[in-house]
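>>> The sequence and its predicted three-dimensional model are supplied below.
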Amino acid sequence: MTLRLFNTLTGQQDELKPSDGDTIRMYACGPTVYDFGHIGNFRTFLQVDVLRRFLLLTGHKLRHVMNITDVDDKIIRNATAAGIPISEYTPRFVEAFFEDLDSLRVQRPEVIARATEHIEKMVELVEKLSATGAAYRTEDGSWYFRLSAFPEYGKLSKKDLSGMEDGARVDVDEYEKDSARDFALWKAAKPGETAWDTRIGRGRPGWHIECSAMAMEYLGDSFDLHAGGEDLMFPHHENEIAQSESVTHKPFADHWMHVRFLLVDGRKMSKSEGNFYTLRDLLLKGFKASAIRFALISVPYRHQLNFTFEGLTDATNAIDRLRTFYQRITTGSFPAGENADLQTACKDAHSKYMEALANDLNTAEARAPIFDLVRAANTAIDQGKFSTRDRDAVLAVLQAFDAVFDVLQDCDAEPTQRALEWAKSSGRMDDVAPELVERQSMTDEMIESLIAERTQAKKQRNFARADQIRNELAEKGVVLEDSKDGVRWKRK
RNA sequence: GGCGCGGUACCCAAGUGGUAAGGGAGAGGUCUGCAAAACCUUUAUGCGCCGGUUCGAUCCCGGCCCGCGCCUCCA
């Protein structure tokens, strides 16, 4: 099955195929590690995760590279303010970033590349650009890319720069550039700043050259797909194309995928608007990592997603329905045999699900047949028309669903616990929802033991005691469900 | 100003030239010691507004209104 993915470069859906006939080589812009990631960042990483999981599900081999920008203006600014070198400033944010990815169950790319470990490759690129006249050095020792050397500039973002006048929106006085639109490849060291001594002088790389260098290092001159947030389309990706293709004279990436922004309450998220949330903020408010994942991927990547707390609650409840069902069929006992209607329903759901994802990763559409199947199966179970082979067929569909969505298993305690520990160690306990601490206080063993006591009480028809236990557990966020196959429980 | 996206039920959100998926919430019911879960019923003759094309438009075309994003660091 081939994915039809919208391609920013061509402006249409193109099939995504490995150009070498074997492995899809893709590059996705990673974080700049100057602070904790916010949910907007993670929407993009989650959508790329959906992409990679679907490609794996459809049997593709992947070589997915993600960069970590661990040197840039903001990092230098923050590190300077903290009075430490950037090599001491960035590691904790790198670590936090991966913790957050784990919380959201985002798979690791095959290659993770740090900018500061690829300086040599960047220098090489600047030298090559210089040799062809596409790069020039200014008096202060910085290097710039000469936009006029790349006539195709603007082909990705569909911008016509010929009508733009220098100085209109760009500060021409800051550096002695030939043209205001020329962008920095290499920034000369300022006193006290982190810098590398290289053949092109002492300084540090510009942001754009990092990605070109690392993409080429691990994927070659040309590769299949380049992904990132919509804001990166211009100028970042446009600049990557200009630099790279000026050196190689080959198409940089065949396919460009851009994830649209997440809005919060209808506005772009920003610190000044007061609608800015990190993943940790939400975990401490008591939202589950799985709900955040589900909410952020359920709106297809090509649409803006309006993030609200209500949306998170909806996602929580939707997951609950799925998990309850999953528990019901995995723990229940069913007669041997099969129900022809359900077998058909399973095939149907599976093909609709796959087709929806193959159609430009339409996650919203893909959810529908899964929920349809859940209803059909629940109905069959209620009517006693659900057999072991039906269970297996349904589980196979759920497996395909979870290969991409990954929300069926309840792994929510760990991220929450981690967030709590982080809050403790960083003095942020005031941000923690009070009921969260209480809920986390019950271990599985304590819960099981209370349930055993309640079952005993019920046998003796001591319903008062049984209900008391149930209420106690409910206060701790544990919900019980009596069934003919025993008591099932889950955390709210 | 330039480029682009969107406006579908109470909320979120798919979708299609032939009459509106799915999730959440609400209401009623079945089941159950009571719950929970599940299931059933119910919530848009309607898809921003006005024209046009068509046998037929929410879906195509034109205009208008509203919201949003990018054009500068930004996922």
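Nice, I can see it.
>>> Is any residue of stretch A:78-92 near RNA strand B?
No - Stretch A:78-92 lies out of reach of RNA strand B by C-beta under 7 Å from any atom of the strand, never closer than 12.2 Å. The way it works is simple: take the backbone N, C-alpha and C, and place the C-beta from them, glycine included.
>>> now swap in stretch A:273-286 and tell me
No - on the criterion C-beta under 7 Å from any atom of the strand, stretch A:273-286 is out of touch with RNA strand B, staying 8.5 Å away.
>>> Please apply the same query to stretch A:365-373.
Yes - for stretch A:365-373, a contact with RNA strand B is found by C-beta under 7 Å from any atom of the strand, at A:365, A:367-368, A:371-372.
>>> same check, this time on stretch A:213-226
No - Stretch A:213-226 stays clear of RNA strand B (C-beta under 7 Å from any atom of the strand), getting no nearer than 11.9 Å.
>>> quick one: that stretch to chain centroid distance?
Distance, stretch centre to chain centre, for stretch A:213-226: 20 Å (C-alpha atoms, centre = their mean, to the nearest Å).
>>> Name the residues of it that are buried.
For stretch A:213-226, burial by neighbour count (16 or more other C-beta atoms under 10 Å) applies to A:213-219, A:222-226.
>>> And it, end to end?
14 Å (C-alpha to C-alpha, to the nearest Å).
>>> same deal with stretch A:248-255?
Where stretch A:248-255 begins and where it ends lie 17 Å apart, using C-alpha to C-alpha.
>>> mean confidence for that stretch?
Averaged across stretch A:248-255, pLDDT comes to 95.
>>> Mind listing what's buried along that stretch?
A:248, A:252-255.
>>> Same question for stretch A:132-139.
Applying a neighbour-count criterion of 16+ other C-beta under 10 Å, one finds A:134-137 buried in stretch A:132-139.
>>> Repeat that for stretch A:448-465.
So for stretch A:448-465, counting by 16+ other C-beta under 10 Å, buried means A:450-451, A:454, A:457-458.
>>> Could you do stretch A:303-317 as well?
Neighbour counts over stretch A:303-317 (16+ other C-beta under 10 Å) mark A:305, A:307, A:311-312, A:315-316 as buried.
>>> would you turn the buried residues of stretch A:132-139 into JSON lines with pLDDT and secondary structure?
Below are those laid out as JSON lines (pLDDT from 0 to 100; DSSP: H, G, I helix; E, B strand; the rest coil):
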{"residue": "A:134", "pLDDT": "95", "secondary structure": "coil"}
{"residue": "A:135", "pLDDT": "95", "secondary structure": "strand"}
{"residue": "A:136", "pLDDT": "94", "secondary structure": "strand"}
{"residue": "A:137", "pLDDT": "94", "secondary structure": "strand"}
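>>> which among the residues you listed gets closest to residue A:389?
When the buried residues of stretch A:132-139 are ranked by distance to residue A:389 (C-beta to C-beta), residue A:134 comes first, at 64.1 Å.
>>> Let me see the contact set for the closest one.
A:145-146, A:149-150, A:243, A:246-247 (C-beta atoms under 8 Å, 6 or more residues apart in numbering).
>>> So it versus RNA strand B, what's the distance?
Applying C-beta to the nearest atom of the strand, to the nearest Å, the value for residue A:134 to RNA strand B is 19 Å.
>>> RNA strand B contacts on the stretch 301-450 of chain A?
A:303-306, A:308, A:310-311, A:313-314, A:317-318, A:320-321, A:324-325, A:328, A:356, A:359, A:362, A:364-365, A:367-368, A:371-372, A:374-375, A:378-379, A:381-382.
>>> hmm, 6 Å instead?
Taking C-beta under 6 Å from any atom of the strand as the contact definition, the stretch 301-450 of chain A meets RNA strand B at A:303-306, A:310-311, A:314, A:317-318, A:321, A:324, A:362, A:364-365, A:367-368, A:371-372, A:374-375, A:378-379, A:382.
>>> Mark which of the residues you listed are part of helices, please.
Applying DSSP state H to these, the entries found in helices are A:310-311, A:314, A:317-318, A:321, A:324, A:364-365, A:367-368, A:371-372, A:374-375, A:378-379, A:382.
>>> Buried ones among the residues you listed?
A:311, A:318, A:365, A:367, A:374, A:378.
>>> Could you find the closest non-adjacent residue to the residue of the stretch 101-250 of chain A found nearest RNA strand B?
Relative to RNA strand B, the nearest point of the stretch 101-250 of chain A is residue A:229 (1.4 Å; C-beta to the nearest atom of the strand). In this structure, residue A:229 finds its nearest non-sequential neighbour in residue A:44, 4.6 Å apart by C-beta to C-beta, 6 or more residues apart in numbering.
>>> domain assignment for chain A?
Here the domain parsing of chain A from automatic domain parsing is A:3-259, A:267-404, A:413-491.
>>> From the chain's centroid, how far away is the longest one?
Think domain A:3-259. The answer for domain A:3-259 is 17 Å, by C-alpha atoms, centre = their mean.
>>> re earlier: ok, the residue nearest to residue A:229 - contacts?
A:228-229, A:259.
>>> and those, which of them are in strands?
A:228-229, A:259 (DSSP state E).
>>> Which member of the buried residues of stretch A:248-255 is positioned nearest RNA strand B?
residue A:253 (15.5 Å).
>>> I figured that closest one hits residue A:224, correct?
Yes - counting by C-beta atoms under 8 Å, residue A:253 does reach residue A:224; the two are 7.0 Å apart.
>>> partners of the closest residue to residue A:306 other than its chain neighbours in the sheet?
Leaving aside its sequence neighbours, residue A:306 sits nearest to residue A:263 (C-beta to C-beta, 6+ apart; 4.9 Å). Judged by DSSP bridges, the bridge partners of residue A:263 are residue A:268, residue A:306.
>>> Read off the pLDDT value for residue A:263.
92.
>>> And for residue A:267?
85.
>>> RNA strand B versus that one, what's the distance?
Per C-beta to the nearest atom of the strand, residue A:267 is found 5 Å from RNA strand B.
>>> Format the contacts of residue A:134 as TSV; extra columns: secondary structure.
As requested, the contacts of residue A:134 are exported to TSV (DSSP: H, G, I helix; E, B strand; the rest coil):
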residue	secondary structure
A:145	strand
A:146	coil
A:149	helix
A:150	coil
A:243	helix
A:246	helix
A:247	helix
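>>> Thanks again, I'm all set now.
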